[in-house]
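K.L.:
Model the following, please.
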Amino acid sequence: MSPYALSIMLSSLAMGTMLVISSSHWLLTWLGLEINTLAIVPLLNQQLHPRSTEATMKYFLTQTLASALILFSATMNAWLTGQWEIKELLPMPANMMTIALAMKLGLAPMHFWLPEVLQGINLTTGLILSTWQKIAPMMVIYLIFNSLNQPLLMTMAMLSTIIGGWSGLNQTQLRKIMAYSSIAHLGWMMAISAISPNLMLLNFFIYMIMTTSMFLMMKYLKTTSINMLSLSRFNTPMTAISSLTLLSLGGLPPTTGFIPKWLILQELTKQQATTIATILAISSLLSLFFYLRLTYTMTMTNSPNLSTSMITWRHNPNQMSMLYALMTVTAILLLPLMPNILPA
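P.N.:
Coordinates of the predicted model:
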């Protein structure tokens with residue numbers, strides 16, 4: 001892609017997200033979401049491959065349906081209340097808005113597009129789709145969390161944690177594993193959205209750090225499947241550090257990923273939602289299993305075709321090694337800073 005076209009697409013992505021975050025009008029919010037969708041479509045299809053074309057069409061059709069539901073919900077709410085500001089939603093528009101935002105994010109059972117789209121695109125675009133593209137819908141949920149259909153949202157949250165962990169067990173492609181990991185993490189965020197929206201944003205911030213570190217690791221090691229991970233420790237000595245990122249995604253203490261699970265379970269228990277907290281804790285074991293599987297493959301498994309080359313201790317200066325190292329350290333060692341980050 002031309003650098004000029006790429007700069008236009010990336011600036012449009014940033015403008016669309018900023019428009020959603022800063023607007024208090026439903027039409028401007030819908031416009032920002034549409035700019036986001038249209039700006040990433042050329043990035044999805046830049047490989048000119050049938051698989052990327054299929055992924056682009058699936059993403060475009062799904063996001064178009066979600067945007068139509070958002071516009072229809074906002075129009076109905078404006079017709080009934082006489083105002084377009086982002087405030088309280090009436091029950092029927094709130095139901096449609098909940099379904100539309102769940103489809104935007106990829107919550108179960110509207111999650112079927114996310115693994116297929118991530119599998120058909122490259123790692124850089126997959127990173128943008130898994131992190132930046134989720135900021136705008138999350139901000140809309142943060143603004144109207146009191147108006148959404150909470151029983152429906154809680155049901156989709158529990159389904160997402162279960163399906164995200166269960167469906168990732170038999171996957172061999174890393175991008176599909178990251179898609180189901182995203183679905184499971186979004187389930188945790190939606191489960192706490194009505195009780196503590198600030199904790200939902202903290203969870204989302206930590207998820208973005210860990211997912212960015214994971215995608216940079218795959219890009220750095222040039223791996224897209226589990227079989228390729230078994231050769232990665234012969235190529236770079238950073239494999240051991242990268243395995244800690246996987247454990248952080250699984251939520252093992254004392255890594256950064258333990259923070260949101262710990263705080264969410266604590267808050268749900270305080271609110272007498274012990275059943276939901278138990279379901280989330282048990283379903284997190286499913287996700288932890290395939291993270292441990294990736295860690296085992298990366299660090300303790302030899303490929304059937306042994307590499308005869310020595311370990312590459314000198315890194316390629318063209319790689320984004322500094323950003324990769326920074327995000328990896330943040331994804332592992334943020335836990336001691338939590339007393340300073342959390343409000344008193």
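
K.L.:
low-scoring stretches of the protein, by residue?
P.N.:
Along the chain, segments meeting pLDDT under 70 span 232-237, 302-320, 341-344.

K.L.:
Please parse it into its domains.
P.N.:
As given by automatic domain parsing, the domain ranges for the chain are 1-148, 149-344.

K.L.:
Span of the first one from start to end?
P.N.:
In other words, domain 1-148. 40 Å (C-alpha to C-alpha, to the nearest Å).

K.L.:
need the longest helix for this protein.
P.N.:
helix 50-81 (DSSP state H).

K.L.:
Check which residues of stretch 17-26 are buried.
P.N.:
Across stretch 17-26, burial judged by 16 or more other C-beta atoms under 10 Å covers 17, 19-21, 23, 26. For every residue, glycine as well, the C-beta is placed using N, CA and C.

K.L.:
mind checking how far the helix or strand residue 181 falls within is from the chain centre?
P.N.:
Assigned by DSSP states H and E, residue 181 belongs to helix 174-193. Taking the mean of its C-alpha atoms, helix 174-193 sits 6 Å from the chain's own mean (C-alpha atoms, centre = their mean, to the nearest Å).

K.L.:
Please save the CA atoms from that helix in CSV.
P.N.:
What follows is helix 174-193 as a C-alpha-only set of coordinates in CSV (Å, rounded to 0.1, in the frame of the first residue of the first chain):
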residue,chain,number,x,y,z
LEU,A,174,-2.2,-18.3,16.9
ARG,A,175,-4.5,-15.7,15.4
LYS,A,176,-7.6,-17.7,16.1
ILE,A,177,-6.3,-18.4,19.6
MET,A,178,-5.9,-14.6,20.1
ALA,A,179,-9.5,-14.1,18.7
TYR,A,180,-11.0,-16.5,21.3
SER,A,181,-8.7,-14.9,23.9
SER,A,182,-10.2,-11.5,23.0
ILE,A,183,-13.8,-13.0,23.3
ALA,A,184,-13.0,-14.3,26.8
HIS,A,185,-11.4,-11.1,28.0
LEU,A,186,-14.4,-9.1,26.7
GLY,A,187,-16.7,-11.3,28.7
TRP,A,188,-14.8,-10.3,31.9
MET,A,189,-15.1,-6.7,31.0
MET,A,190,-18.9,-6.9,30.3
ALA,A,191,-19.5,-8.8,33.5
ILE,A,192,-18.2,-5.9,35.6
SER,A,193,-19.4,-3.0,33.3
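
K.L.:
Now do residue 257 against residue 247, distance only.
P.N.:
As judged by C-beta to C-beta, to the nearest Å, residue 257 and residue 247 stand 8 Å apart.

K.L.:
ugh, typo on my part, it should be residue 17
P.N.:
30 Å.

K.L.:
How about residue 140?
P.N.:
32 Å.

K.L.:
More neighbours: these two, which one.
P.N.:
For residue 140 versus residue 247, neighbours defined as other C-beta atoms under 10 Å are more numerous around residue 140 (26 against 20).

K.L.:
buried set for the strand or helix carrying that one?
P.N.:
Assigned by DSSP H and E, residue 140 falls within helix 135-143. Across helix 135-143, burial judged by 16+ other C-beta under 10 Å covers 135-141, 143.
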